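> 3D, please:
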Amino acid sequence: MADRTDHGVGPQPHPDLPAWLTERAQRFEHWAEATSTPGTWDFSPQSLDALEDLIRSQYDSDTESLTARRDAFLQGACWYIGEVVCRTQGAVWKFEPFAVKGAELPSLFGEADPSGVVDDPCVGVPGEEPEEAIYPMGAVHGLFSAEDELGNPITQHLSDVLGESDEDDEEA
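Model prediction:
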């Protein structure tokens with residue numbers, strides 16, 4: 001596979017990511033209070049189940065969640081999911097979109113359904129490829145997927161972002 005930087009394309013850290021992370025962290029207490037269950041949000045893997053229930057109670061489809069992706073609730077939920085991954089797995093926040101040199105980077109959480117554009121941050125192990133990272137907003141939208149790309153039935157959960165648990169290993 002050719003190096004993507006050979007063709008004038010390369011990863012660029014998004015300048016809006018640090019401000020977005022700071023804003024989310026500063027608004028976390030308010031976000032938690034607004035969920036009516038502030039004591040639930042302890043950044044544990046189990047808290048993702050409660051967040052999933054809350055998201056499913058507010059949205060019925062990925063179309064609804066896509067439309068609401070810039071709303072305070074989903075912005076906070078996205079940050080929270082990423083923080084759980086960071087705190088439990090040593091991941092870091094990233095958003096390094098590939099853009100032609102000199103081209104403008106996509107805005108962070110731009111239009112409601114940016115076709116072909118990844119414009120939201122991810123979390124992953126430092127140095128890993130973007131394809132291996134976890135996209136919290138993608139995990140939210142995935143909750144409403146009933147089948148995979150091959151048409152097989154699936155059920156996705158927010159806890160899936162943490163990978164296989166010991167419980168899954170015992171069942172295998």
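> pLDDT weak spots in the protein?
Counting by pLDDT under 70, the ranges of the chain that qualify are 1-13, 97-103, 105, 111-118, 164-172.
> what are the ranges of the strands in it?
9-11, 92-94, 98-100, 122-124 (DSSP state E).
> With adjacent residues omitted, what lies nearest to the residue most central in space within the chain?
Compute the mean C-alpha point of the chain, and by C-alpha atoms, centre = their mean the closest residue is Pro136, 1.2 Å away. Distances taken as C-beta to C-beta, 6 or more residues apart in numbering place Ile81 nearest to Pro136, at 3.8 Å, with adjacent residues excluded. Where you see a C-beta, it was placed from the backbone N, CA and C, and this is true even at glycine.
> Correct me if wrong: the one you found contacts Asp160.
No: assessed by C-beta atoms under 8 Å, Ile81 is found out of contact with Asp160, at 10.7 Å.
> Those two - which one has more neighbours?
Ile81 (26 against 17; other C-beta atoms under 10 Å).
> can you tell me which residues contact that one?
By C-beta atoms under 8 Å, 6 or more residues apart in numbering, the contact list for Ile81 reads Leu48, Leu51, Pro136, Ala139, Val140, Leu158, Val161.
> got it, and Ser44?
So Ser44 contacts Val84, Thr88 (C-beta under 8 Å, 6+ apart).
> hmm, try it at 10 Å
Ser44 makes contact with Ala50, Val84, Arg87, Thr88, according to C-beta atoms under 10 Å, 6 or more residues apart in numbering.
> do Ala50 as well
The contact partners of Ala50, taken as C-beta under 10 Å, 6+ apart, are Thr35, Thr37, Thr40, Trp41, Asp42, Ser44, Leu158.
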